[in-house]
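J.: Sequence and predicted structure are below.
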Amino acid sequence: MKFTRRIVMVAAAVGLLASASTAAMADIKFGVAAEPYAPYSSKDASGKWVGWEIDLMDAICAQMNEKCQLVEVAWDGIIPALTSKQIDVIWSSMSITDERKKTIDFSDMYYNTPSNLIGQKTGDTSIAPDHLKGKVLGVQVSTTHERYAQKYFAPAGAEIKTYSTQDEANNDLAAGRIDYIQADSTALDAFLKTDQGKQCCELKGTVPEDTAVLGLGVGAGVRQEDTALKDKINAAIAELAKQKKFTEITKNYPELQGILVTAEDK
């Protein structure tokens, strides 16, 4: 009987170790929008994901002592991918808004930037809503910029054209098929510095702030019930801010210096 009990105890211990090993090896799936969004996330010539947000993701996962897996997801399906448990975290420059909080939760803010308009080179820098009457304004679908454009520019007579990716909007602006684009300031600045952007376009201005629409900065999207994961990410963000890791990462991206507000600046 003692021998049998010992076998059972050993078997139970092995089972517990196997379970613990399996749990430790499980990846946290970080969902990133499949299209390029330089300088935050894009693929290099070898197909590897690079960018400021990718570097921060690596630092967050190292700080949490977790193994993380990057999963490509179409932007307009990224929240359903989270809620259906295809991914565990949205890590794709998603702004924290009350509207999105009805469906998912967010970590603390890890970066923030203003929302800008760019357009054809004309020297005209007015972005008053009535000034865009009869003009075509491009925005990426399901973004805070789309919501802002629909709230302020559409009622004044601008036509709002949505795109699946930011690159598609940029290409249409460069080709003269639309008049303006509204998007994140750093993403648009990166486009304006390309050969294509230099030839066609210029900064028109920064839209007046509306946090109810544009949100309170970018955070990691998590399921509402995943409070432990949210707390772990928040702790990692706070510790990296304390270590000045955000500044260290940003040094590798000159185009973001002086523009990006991060968790270190809170």
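T.: Nice, I can see it. Numbers count the residues shown, from 1 in each chain.

J.: what's the nearest residue to Gly51 if we skip its chain neighbours?
T.: Ser41 (4.3 Å; Cβ to Cβ, 6 or more residues apart in numbering). Where C-beta positions appear, they are placed from N, C-alpha and C, glycine not excepted.

J.: what's the answer for Trp91, then?
T.: Phe30 (4.4 Å).

J.: quick revisit: hang on, the residue nearest to Gly51 packs against Met94?
T.: No: under the criterion of Cβ atoms under 8 Å, Ser41 is not in contact with Met94, lying 11.7 Å apart.

J.: Report how many residues lie close to the residue nearest to Gly51.
T.: By other Cβ atoms under 10 Å, 24 other residues sit near Ser41.

J.: same check, this time on Ile118
T.: Count around Ile118 with other Cβ under 10 Å applied: 24.

J.: Quick check: it vs Thr165, distance?
T.: Counting by Cβ to Cβ, to the nearest Å, the separation of Ile118 from Thr165 is 16 Å.

J.: picking that back up, pretty sure the residue nearest to Trp91 sits against Ala81.
T.: No: under the criterion of Cβ under 8 Å, Phe30 makes no contact with Ala81, lying 11.3 Å away.

J.: which parts of stretch 68-75 are buried?
T.: Buried positions in stretch 68-75, judged by neighbour count with 16 or more other Cβ atoms under 10 Å: Cys68, Leu70, Val71, Val73, Trp75.

J.: With respect to Asp130, which of those residues is nearest?
T.: Nearest to Asp130 out of those is Trp75 (Cβ to Cβ; 30.5 Å).

J.: Now that closest one: closest residue in space, sequence neighbours ignored.
T.: Computed as Cβ to Cβ, 6+ apart, the closest residue to Trp75 that is not its neighbour in sequence is Ala33, at 4.2 Å.

J.: What distance do you get for the closest residue to Lys193 other than its chain neighbours to Trp52?
T.: Closest residue to Lys193 apart from its sequence neighbours, by Cβ to Cβ, 6+ apart: Glu255 at 6.9 Å. Separation of Glu255 from Trp52 (Cβ to Cβ) stands at 9 Å.

J.: what do you get for Asp124?
T.: Taking Cβ to Cβ as the measure, Asp124 falls 32 Å from Trp52.

J.: So the two - more neighbours on which side?
T.: Neighbour totals were compared for Asp124 and Trp52, and Trp52 leads with 23 against 11 (other Cβ under 10 Å).

J.: Distance check, the more buried one against Thr97.
T.: When Trp52 is compared with Thr97 (using Cβ to Cβ), they lie 21 Å apart.
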